Each structure stands twice: as structure tokens, then as C-alpha cells.
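Peer 1: sequence plus predicted model, see below.
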Amino acid sequence: MASFTRRGWFGLAAAVTLARPGALRAAPDRKLNIVVTGGHPGDPEYGCGGTVARYTGLGHAVTLLYLNRGDVRCPAIDYEHDNAPRVLEARAACEILKARPVFADQCDGHAIVDADRYDRFRRLLEQQNPDIVFTHWLIDNHRDHRAIANLTYDTWVKNKKFALYFYEVSDGEDTQMFSPGDYVDVTGVEERKRAACYAHASQSPQRYYPLQDEVAKFRGLESGFARAEAFRHHSPSAPGFLP
Ligand SMILES: [Zn+2]
């Protein structure tokens, strides 16, 4: 296949995905940059860990962009050399998934969404040069989830450069009224997803992972797999690629 520019590749995607505009199943001919934004260390892993493992298994680059470091004290420290427990957990989880962690500079439970934070977050997200971005569903109970979903969505509104998907976590406790349109088979990578979620050992994975795994089994029932992760594509954004 001839090499496509980004516009050309997405144009091809648009042409072949009329039935399901959110998902292009044919593999692209180049390495993609994928970013999963999450309110806290662990959210991208729970909502998208299997999909991340499948992307990285195909050679694509995945960044997990956390809004904060899971620290309510939010000390002014050197982010690059932060060895706080939850940062170490996030690094371990990313290593399992072959992803790269990046932290925005907000505080756990105290997310700020204002003009300055929109601009700062947009710069950080644009620095990752993403082709595809996943973020929380906008109707999540946790303020930090809604905050980063808004910050992420605002970046798309400003630049309209990437495909945008929404994901679910801890349905009922967090995500509400989620109605997915695209599914990824994560049956074969469940063990790695589980290990990445359990890497967040301080966050009660023995309670939260079984809940999320129930969601994966239910989404699997909907889509014909043993386990699946489900997403909602933002239809005005570019068509994406799901593994
Ligand atoms: Zn969270």
C-alpha cells in the first residue's frame, strides 16, 4: 500500500467505514500515536488496558496521560523525578502495557477547569502529537474524570486533529448512561490488563478489578467475545483505528 499522509490516511478511513464510522479495522501503514487521558493513575488501565496492550502489541505508541499523581497534597516537586508511591505504581503499570506515563500538574480531587488550565492542558496534549485520543465519558461521577474529559474535549474543539473516543470505568459508581458503539476484543490480553490494574496496589484492585472485569464480560456478551472493552466514538472527529 502506498504511504498516506495523515489527511490521506483518515480520508481512506472515512471511505471504508461508512457502516461503523468510529472504527477502522484494517491496520494503518504507519505507527500511530495514541493517548489515553485519565483522571487518576489507574483509570486508563481499567478502562482501556486491554486495548492499550493490543495497540502496543501492534507496534503503536501509547501514552497514558494522567491529570494528577493521585496525591491530594499535591506538593510542588520535580515531576520527572517523582518517586511517590502512586507515580511508581503508574510507571509499573505502563511498563506492563508497554505504554509511557505523562502527568499533568493537577491535584487529586481538586481539578481545576478554567481558561488557563484549558490552555495548559491543550499544550501538553498537543505535545504528544496524537492521532487518536481516548478520554473519560463526560458523565462520570468523579469530578476529576469530568474535568479531564472536558480538558481533552476542549483540545479537540480547538484543533480537530485527532480521532476521539470515550471510555467507561467502574460503571454505576463512576460512569453513567454509557452507550458504546465500538468494541475491542481483549480476551487474549486480560492477564496483562489485570497485572497493570493490580500494579496500582494502593487503590484496592481486589475490589475494583472484579467490577471492571464484569463490565468487560458484559461488553463481551454484546460483541461476541469473552471479554471486550467498549468505546463511544465522537462522530464529528476523524475516524480512528481500533485493534
Ligand atoms: Zn479515577
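Peer 2: Right, received. Where do you want to start? Since this is a predicted model, take the numbers as computed values, not measurements. Residues are numbered from 1 along each chain as shown.
Peer 1: which residue is the nearest non-sequential neighbour of residue 111?
Peer 2: Nearest residue to residue 111, sequence neighbours excluded (C-beta to C-beta, 6 or more residues apart in numbering): residue 147, at 3.4 Å. Bear in mind the C-beta positions are built from the backbone N, C-alpha and C, glycine included.
Peer 1: which SSE is the one you found in?
Peer 2: Assigned by DSSP states H and E, residue 147 falls within helix 143-159.
Peer 1: show me which residues of the chain sit near the ion.
Peer 2: Neighbours of the ion within the chain, by C-beta under 5 Å from the ion: 39-40, 43.
Peer 1: report the buried members of these.
Peer 2: For the residues of the chain next to the ion, a burial check counting by 16 or more other C-beta atoms under 10 Å picks out 39-40, 43.
Peer 1: nearest to residue 89 among the residues you listed?
Peer 2: Using C-beta to C-beta, residue 40 comes nearest to residue 89 of those, at 10.6 Å.
Peer 1: verify the stated contact: the closest one with residue 68.
Peer 2: Yes. The pair residue 40 / residue 68 is scored as a contact, 6.5 Å apart, by C-beta atoms under 8 Å.
Peer 1: so what sits against both of these two?
Peer 2: Jointly contacting residue 40 and residue 68 under the rule C-beta atoms under 8 Å, 6 or more residues apart in numbering are 108, 144.
Peer 1: low pLDDT regions in the chain?
Peer 2: 1-26, 74-81 (pLDDT under 70).
Peer 1: strands along that one, start to end?
Peer 2: 23-24, 33-38, 61-68, 100-106, 132-136, 163-167, 182-185, 228-233, 240-241 (DSSP state E).
Peer 1: parallel or antiparallel, list what pairs with the fourth one.
Peer 2: Each strand that strand 100-106 pairs with, and the sense of that pairing, follows from DSSP bridges: strand 61-68 (parallel).
Peer 1: repeat that for the last one.
Peer 2: Partner strands and pairing direction for strand 240-241 (DSSP bridges) are strand 23-24 (parallel).
Peer 1: ok, the fifth one next?
Peer 2: In the sheet, strand 132-136 lines up against strand 33-38 (parallel), strand 163-167 (parallel) (DSSP bridges).
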